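Engineer: Have a look at this fold, sequence not included:
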Ligand SMILES: Nc1ncnc2c1ncn2[C@@H]1O[C@H](COP(=O)(O)OP(=O)(O)OP(=O)(O)O)[C@@H](O)[C@H]1O
Ligand SMILES: [Mg+2]
């Protein structure tokens, strides 16, 4: 960054239901953006059950939990993964972190706010569900990716999450990623169902960012603890990730003026304080 203006796009990756692909999407979108020359920070914000570190085959010494201590800085916790890609891990099995105390959460966010501007993209891989920490991080990010699969349970849970964020916290803009559809028709149908419900009952219009098809190489890469983008860069899902990454790059460019006009993290709605 050449001046004090922020150009960082902070993207949260969320879903109502667990296990729909948030962590894989965070990791592989990040890798794809780095290949395109962007500087990316991945942050594991699944404070109860972290697992980005597992997908990367790492056993981190310091985690997000250490950032709750007064003098630890994000730079001490962030792990360089490759040129242009850094990673802040979270601690697993710490249920008390899922519902962070407001003061502690604010200390954490202040530290992150001064660290994020070094990156073009910051991805927050959130836990499933609607804990106050998930809602706060979703509300503070500049762009929200809601991950769904075509299963009705995934669609209803994501609808519920968007309902809480919009009705309670006034957050109304969402981008939807449909993961694990078997074909284009299934992908479009899933998005249309979610979009119709949001439009009718919440009066909001989530946008379709794109889809990642079901690809057995995704789970094979997970088992090998390698990002799909390295393990199978020409696979169908990898091509889907590249398409999604390219859309995100265009979105960021159109958002630059508004990114420059405020802080990396949006101020929390007053309902949170
Ligand atoms: N496009 C895909 N094709 C095939 N399998 C997939 C795909 N996306 C995800 N999976 C499978 O789903 C599993 C769960 O994915 P992931 O861990 O990314 O979900 P998550 O939403 O982060 O879960 P959690 O809510 O527990 O954090 C993966 O380990 C992988 O086996
Ligand atoms: Mg996950």
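Structural biologist: On my side now, so go ahead. Here the structure is a predicted model, which is why all the values come from computation and not from measurement. Ligands and ions are numbered 1, 2, ... in the order given.

Engineer: so how far is residue 19 from the residue in the stretch 51-200 of the chain positioned nearest to ligand 1?
Structural biologist: With C-beta to the nearest ligand atom as the measure, the residue in the stretch 51-200 of the chain that lies nearest ligand 1 is residue 128; the distance is 3.8 Å. For glycine as for every other residue, the C-beta is placed from the backbone atoms N, C-alpha and C. As for residue 128, its distance to residue 19 is 7 Å (criterion: C-beta to C-beta, to the nearest Å).

Engineer: Neighbour count for the two, which is higher?
Structural biologist: Set side by side, residue 128 and residue 19 give different neighbour counts by other C-beta atoms under 10 Å, the larger being at residue 128 (20 against 10).

Engineer: For the more buried one, which non-adjacent residue is spatially closest?
Structural biologist: Leaving aside its chain neighbours, residue 128 sits nearest to residue 18 (3.5 Å; criterion: C-beta to C-beta, 6 or more residues apart in numbering).

Engineer: Wait, a strand at the one you found?
Structural biologist: No: secondary structure assignment (DSSP: H, G, I helix; E, B strand; the rest coil) places residue 18 in coil, not in a strand.

Engineer: Check the contact between it and residue 126; I expect there is one.
Structural biologist: No: using C-beta atoms under 8 Å, residue 18 makes no contact with residue 126, being 10.8 Å away.

Engineer: more crowded one of those two?
Structural biologist: When residue 18 and residue 126 are compared for neighbours, residue 126 comes out ahead with 29 against 13, by other C-beta under 10 Å.

Engineer: So what sits opposite that one in the bridge?
Structural biologist: Here residue 126 shows beta-bridge partners residue 45, assigned using DSSP bridges.

Engineer: tell me the contacts of it?
Structural biologist: With contact set as C-beta atoms under 8 Å, 6 or more residues apart in numbering, residue 126 has these partners: 12, 13, 14, 22, 45, 46, 134, 137, 138.

Engineer: from those residues, which ones fall inside helices?
Structural biologist: Taking DSSP state H as the definition of helices, the contacts of residue 126 contribute 22, 134, 137, 138.

Engineer: of the residues you listed, list those near ligand 2.
Structural biologist: When these are checked against ligand 2 using C-beta under 5 Å from the ion, the ones in range are residue 22.

Engineer: Out of the ones in helices among the contacts of residue 126, which is nearest to ligand 2?
Structural biologist: The shortest separation between ligand 2 and any of those is 4.7 Å, and it belongs to residue 22 (by C-beta to the ion).

Engineer: Next, count neighbours for the closest one.
Structural biologist: For residue 22, the count of nearby residues is 27 (other C-beta under 10 Å).

Engineer: contacting residues for it?
Structural biologist: 13, 14, 15, 125, 126, 128, 147 are the contacts of residue 22 under C-beta under 8 Å, 6+ apart.

Engineer: Touching, the first one and residue 27? I think so.
Structural biologist: Right, the one you point to is residue 13. No: with the criterion set as C-beta under 8 Å, residue 13 and residue 27 do not qualify as a contacting pair; they are 9.9 Å apart.

Engineer: what residues are shared contacts of these two?
Structural biologist: By C-beta under 8 Å, 6+ apart, the residues touching both residue 13 and residue 27 are residue 125.

Engineer: got the buried residues for stretch 148-158?
Structural biologist: Of all the residues in stretch 148-158, those buried under the rule 16 or more other C-beta atoms under 10 Å are 148, 149, 150, 154, 155, 156, 157, 158.

Engineer: Tell me which of those residues fall in strands.
Structural biologist: The strands, defined by DSSP state E, take in residue 148 from these.

Engineer: which among the buried residues of stretch 148-158 gets closest to residue 73?
Structural biologist: The shortest distance between residue 73 and any of the buried residues of stretch 148-158, using C-beta to C-beta, involves residue 158 and amounts to 34.6 Å.

Engineer: Residue 241 is in contact with residue 228, isn't it?
Structural biologist: Yes: the pair residue 241 / residue 228 is scored as a contact, 7.2 Å apart, by C-beta under 8 Å.

Engineer: what touches both of those two?
Structural biologist: Common contacts of residue 241 and residue 228 (C-beta under 8 Å, 6+ apart): residue 28.

Engineer: Work out for me the element residue 123 sits within.
Structural biologist: Secondary structure assignment for residue 123, by DSSP states H and E: strand 121-126.
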